[in-house]
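Peer 1: Sequence first, then the predicted structure, then my questions.
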Amino acid sequence: MNKVYLVGFMGSGKSAIGKRLSTLLDIPFYDMDAEIVTRTGMTIPQIFETYGEPKFREMETEFLRQFPDEFCIIATGGGVAMRAENREIMRQTGLVFYLNSTFRDIWRRVSTDTNRPIVQRSSRGDLEALFLKRKPLYLQSAHIRVETTNWSLNDITQYIGFQV
Ligand code: S3P
């Protein structure tokens, strides 16, 4: 077990906390979306548009399958914990933290984002339904649940850092 995975819905702070954790623990940080963007030379909306969502999901799984044995932090994409294979890989190769927020906070952070195709195609109600549907799967994937509401990014980082 040598990785720290951050899972949770879009806008739950996975990347922001991952970067801070990386500094705190002095280990590398990888943002799955950013890695996929670099590897494909395409933005996430372009990947969805050109290849479709199922292909993007396959890219996520491939990323997890091939990732080298390294003590590092990985901020996953918000849909990663939906696949059983992904959950299994994460649980077997690391410690998985679920960053839980209220939907209200999530909506405030992501509703105007143009780089998230799922947000672009969803109404507020659709997104909230997805948030509720995914929650049990985030919980299934995680070893530790972290309530982020009312906590600063630095507090959350310290809390996770302590448990690694
Ligand atoms: C997605 C979340 C995004 C990104 C893609 C799909 C999802 O990552 O992988 O837009 O299905 O929830 P973030 O959670 O980092 O925004």
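Peer 2: Received, thanks. Residues are numbered from 1 along each chain as shown.
Peer 1: how would you label the residue lying farthest from the centre of the chain: helix, strand or coil?
Peer 2: Farthest-out residue of the chain from its mean C-alpha position, per CA atoms, centre = their mean: residue 50, at 22.4 Å. What DSSP: H, G, I helix; E, B strand; the rest coil gives for residue 50 is helix.
Peer 1: Quick check: the gap between it and the ligand.
Peer 2: Separation of residue 50 from the ligand (CB to the nearest ligand atom, to the nearest Å): 14 Å. (Glycine included, C-beta is placed from N, CA and C.)
Peer 1: Can you read off the pLDDT for that residue?
Peer 2: Listed pLDDT for residue 50 reads 98.
Peer 1: what sits against it?
Peer 2: residue 42 (CB atoms under 8 Å, 6 or more residues apart in numbering).
Peer 1: Begin at 828 from now on, thanks
Peer 2: Fine by me, first position is 828 from now on; the one you just mentioned is residue 877.
Peer 1: Could you tell me which residues of the chain lie near the ligand?
Peer 2: 837, 841, 860, 871, 904, 905, 906, 943, 944, 945 (CB under 6 Å from any ligand atom).
Peer 1: Between all of the residues you listed, which two are at the greatest distance?
Peer 2: Using CB to CB, the residues of the chain next to the ligand reach their maximum pairwise distance at 841 and 944, which is 17.4 Å.
Peer 1: Give me the more crowded residue out of these two.
Peer 2: A side-by-side neighbour count of residue 841 and residue 944, using other CB atoms under 10 Å, places residue 841 first with 27 against 17.
Peer 1: List the buried residues for the top strand by length along the chain?
Peer 2: Across the chain, the longest stretch assigned as strand under DSSP state E is strand 921-927. For strand 921-927, the neighbour count (16 or more other CB atoms under 10 Å) marks 921, 922, 923, 924, 925, 926, 927 as buried.
Peer 1: Can you show me the helices along the protein?
Peer 2: 841-852, 859-867, 871-878, 880-893, 911-920, 930-937, 944-947, 951-968, 980-990 (DSSP state H).
Peer 1: So which of the ones you listed is the most surrounded?
Peer 2: helix 841-852 (a mean of 19; mean count of other CB atoms under 10 Å).
Peer 1: Show me what that one is packed against.
Peer 2: Contacts defined by 3 or more CB pairs under 8 Å, 6 or more residues apart in numbering; DSSP states H and E place helix 841-852 against strand 830-834, strand 856-858, strand 899-902, helix 980-990.
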